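Participant: my questions concern the predicted model and sequence given below.
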Amino acid sequence: MTAPILEARDLTKHFPVKRGLLGRGAGVVRAVDGVSFAIEPGRTLGVVGESGCGKTTTAKLVLHLEAPTSGAIRFEGRDFQAFDADALRAYRRSVQAVFQDPYASLNPRMRVGSIIAEPLVTNESLPAGAARTRVARLLEVVGLPARAADLFPHEFSGGQRQRIAIARALALEPKLVVLDEPVSALDVSIRAQILNLLRDLQSRLGLSYLFIAHDLAAVAHMSHTIAVMYLGKIVEIGPAETVAASPRHPYTQALFSAALPSHPDEKRDEVVVTGEVPSPLAPPSGCRFHPRCPHAMARCSTEEPALGPEARRLVACHLYTGVRVSVGAAAR
Amino acid sequence: MSLLLDVRGLSTHYVSARGTRVTRAVDQVSFALGEGETLGIVGESGSGKTTLALSLLRLLPPAARIVAGEVRFEGDDLLRKPAAQMRRIRGKRIAMILQDPMASLNPLFTIGDQVAEPIRVHEGASRGSAWVRARELLRAVRIAAPELRVREYPHQMSGGMRQRIVGAIAISCEPRLLIADEPTTSLDVTIQAQYLNLLRDLQRARHLAMIFITHNLGIVAKMCDRVAVMYAGRMVEAGPIRKIFNAPAHPYTKALLESIPRLGDGRERLIAIDGQPPDPANPPAGCPFHPRCPRVLDRCRQEAPPEVAVGEGQTARCWLAGDRR
């Protein structure tokens, strides 16, 4: 196994909640709570989960748009915390992002050429001629004609705008690209174009992706590893096919069984979860999923399960902890 | 199964302020819906699916004109009804659920007031009896502790609860037809599944006919008996869902089904549809799909294909469909 390009260990982000004029603390939102994962070169880590699970906060931590409350991110083996200003600048060049809404992420007053060249100009102080050649090459890479550089974002459709956003993200030749819902704002017939483009770029340029989406089939299609988050925790993480084909954590099972069928004759065993995601301000004790879990046991409400190996992946669930101890003992 | 809704040759156009630009948002659309049946209308943004739904209820913005067609509901043409009669149909015989529940609910009124309102307006019920019904309806849409919830306001609810409350309002006067326009787009996956199951249970218990407007073929596969595919204002294909999913007759339907990632299909590449959806104000000549169609003929560039029967209950607008092959 190759060394990971990015490794997060026990990553935690708490947001203090302020109330009233004096802003006295009314608790903390545990948006991300002790999350660990690794992304290898040229591979994709997909993060799935419902709103409030912490997937976007995780992306912000990786992009260094938020500082973690505790825990560490290591990039190419070096701890983030130890980065000086130069190292941080280099890191920000190596890690780029593509966001959900290409109508919001592109400045309507700038020509496409300037939008794509902006990171080059600020980071490399490239002469205008060289920047133009680079822009033309980037446009070609994302499948847009060279004359697009002279136009404004409003002259493009959603799918083309997302291609422009991808070209901008690639301008500094990053190693890792954070894709936060990159196709959910696009028309259905355009999504496949962008997903194919992202996969082609990955194999051509050796990019790593952190792919965040709520569309489970798209995440399974794009990812090598899938991490499932619930209320700030990773509840299951493992190879994409393994997790998608036979999820083990009751929440993952519920999530995948709630995914819409692709054919009217496709019948799923519906795992019914009742209720809704509790507030991250006051997450349930023990396992955070226990109030909605169909398999909840007494210990689930008191004891928090740790992530442990189960059937070629890691799962945080007491259903498997008992089994795991005996298997481990036998192996020893 | 008796016929509930019969739409024939419906065309709705948007006309610009000076009358110089005409957008054919809905162009000669025909379909029928039986009692208790579910029809899915799928299409991308700008395909005219929402304009079609609003045309049925005559809730169009001022720039829109219904220029042709008829909408027969329970035997009467809704397009010829006086406005006062139309008001008695909306919310009572035909109800609608929109995408964003926060925009459908009034933030200044309690949940109880809003669920009771249509009962008081349409049935002249007293406040007290309407509130009793409101509590029952909230129970029917699986809101916990309805006797407390009726006194609360929309901001105190989660997104899933709000959409269930909109559902309670929609079924409050026992409508025969429920039109749902992207009802779960703003909901999370597990909440979406709960909501769709709830709608299906309500439909079965009350023998409701439903029209689901969506861009999501998964919702169609889960919920609908029949599906109609819209492209650039036209209904390019319609039929029973199994026929459409197993043997789509229109190249657009086929391409759309192939372009979607499916769980566990192990494909390396998706089959993408080239090009962009057309600008509704300026659609291509001939068949609107021809610039993106993998099987385009010369004829497609000049002449728009008429609707032909492809099989039992299945129709398509394509020169390659049906007997013409």
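Facilitator: Looks like it came in fine. Because the structure is predicted, anything quoted here is derived from the model rather than measured.
Participant: can you list the buried residues in stretch A:153-167?
Facilitator: Neighbour counts over stretch A:153-167 (16 or more other C-beta atoms under 10 Å in any protein chain shown) mark A:153, A:156-167 as buried. (Glycine included, C-beta is placed from N, CA and C.)
Participant: try stretch B:256-273
Facilitator: B:256-257, B:259-263, B:270, B:272-273.
Participant: swap in stretch B:60-77?
Facilitator: B:60, B:64, B:66, B:69-74.
Participant: name the SS class of whichever residue of the stretch 1-150 of chain A sits closest to chain B, please.
Facilitator: When distances are taken as C-beta to the nearest C-beta, the stretch 1-150 of chain A approaches chain B most closely through residue A:50, which lies 3.8 Å from it. Reducing the assignment to helix, strand or coil with DSSP: H, G, I helix; E, B strand; the rest coil, the entry for residue A:50 is coil.
Participant: what's the nearest residue to it if we skip its chain neighbours?
Facilitator: Ranked by C-beta to C-beta, 6 or more residues apart in numbering or on different chains and with sequence neighbours excluded, the top spatial neighbour of residue A:50 is residue B:188, at 3.8 Å.
Participant: burial count for that neighbour?
Facilitator: Close neighbours of residue B:188, defined as other C-beta atoms under 10 Å in any protein chain shown, add up to 22.
Participant: so it versus residue A:275, what's the distance?
Facilitator: Distance of residue B:188 to residue A:275, computed by C-beta to C-beta, to the nearest Å: 12 Å.
Participant: cool, residue B:266 as well?
Facilitator: For residue B:266, the distance to residue A:275 (C-beta to C-beta) stands at 34 Å.
Participant: now swap in residue B:170 and tell me
Facilitator: Between residue B:170 and residue A:275 the distance, using C-beta to C-beta, works out to 23 Å.
Participant: so which of these two has more stuff around it?
Facilitator: Between residue B:170 and residue A:275, counting by other C-beta under 10 Å, residue B:170 is the more crowded of the two (26 against 13).
Participant: pull up the pairing partners for the helix or strand containing residue B:5, direction included.
Facilitator: Here residue B:5 sits within strand B:3-15, counting by DSSP states H and E. Looking at strand B:3-15 with DSSP bridges, its paired strands and their directions are strand B:22-34 (antiparallel), strand B:64-73 (antiparallel).
Participant: what residues are up against the residue nearest to residue A:50?
Facilitator: Applying C-beta atoms under 8 Å, 6 or more residues apart in numbering or on different chains, one finds that residue B:188 lies in contact with A:50-51, A:214, A:277, B:159-160.
Participant: neighbours of the residue in the stretch 201-332 of chain A that chain B sits nearest to, how many?
Facilitator: Each residue of the stretch 201-332 of chain A has a distance to chain B, by C-beta to the nearest C-beta, and the smallest belongs to residue A:260, at 2.6 Å. Counted with other C-beta under 10 Å, the neighbours of residue A:260 add up to 23.
Participant: in contact with it: list those residues for me.
Facilitator: Shown in contact with residue A:260 (C-beta under 8 Å, 6+ apart): B:192, B:216, B:218-219, B:221-222.
Participant: tell me the most packed of the residues you listed, by neighbour count.
Facilitator: Note: the member of the contacts of residue A:260 with the most neighbours is residue B:192, at 25 neighbours, neighbours being other C-beta under 10 Å.
Participant: wait, is that one part of a helix?
Facilitator: Yes. Residue B:192: assigned to a helix according to three-state DSSP.
Participant: low-confidence bits of the chain, can you list those?
Facilitator: You didn't pick a chain, so chain A it is. Within chain A, the stretches falling below the threshold (pLDDT under 70) are A:1, A:19-26, A:322-332.
Participant: nope, chain B please
Facilitator: The low-confidence ranges in chain B, as defined by pLDDT under 70, are B:1, B:323-325.
Participant: and the helices in it, which stretches?
Facilitator: Remark: helices assigned in chain B by DSSP state H are B:49-57, B:83-89, B:101-104, B:111-123, B:127-140, B:146-149, B:159-171, B:189-206, B:217-223, B:241-246, B:251-259, B:298-302.
Participant: give me the nearest residue to the closest residue to chain A within the stretch 101-250 of chain B, chain neighbours excluded.
Facilitator: Distances between the stretch 101-250 of chain B and chain A by C-beta to the nearest C-beta are smallest at residue B:218, namely 2.6 Å. In space, not counting the residues next to it along the chain, residue B:218 is nearest to residue A:260; the distance is 2.6 Å by C-beta to C-beta, 6+ apart.
Participant: can I get the helices of chain B in a markdown table with distance to residue A:119?
Facilitator: Below are these laid out as a markdown table (distance: least, C-beta to C-beta, whole Å):
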| stretch | distance to residue A:119 |
| --- | --- |
| helix B:49-57 | 38 |
| helix B:83-89 | 56 |
| helix B:101-104 | 37 |
| helix B:111-123 | 49 |
| helix B:127-140 | 52 |
| helix B:146-149 | 50 |
| helix B:159-171 | 36 |
| helix B:189-206 | 34 |
| helix B:217-223 | 37 |
| helix B:241-246 | 44 |
| helix B:251-259 | 31 |
| helix B:298-302 | 42 |
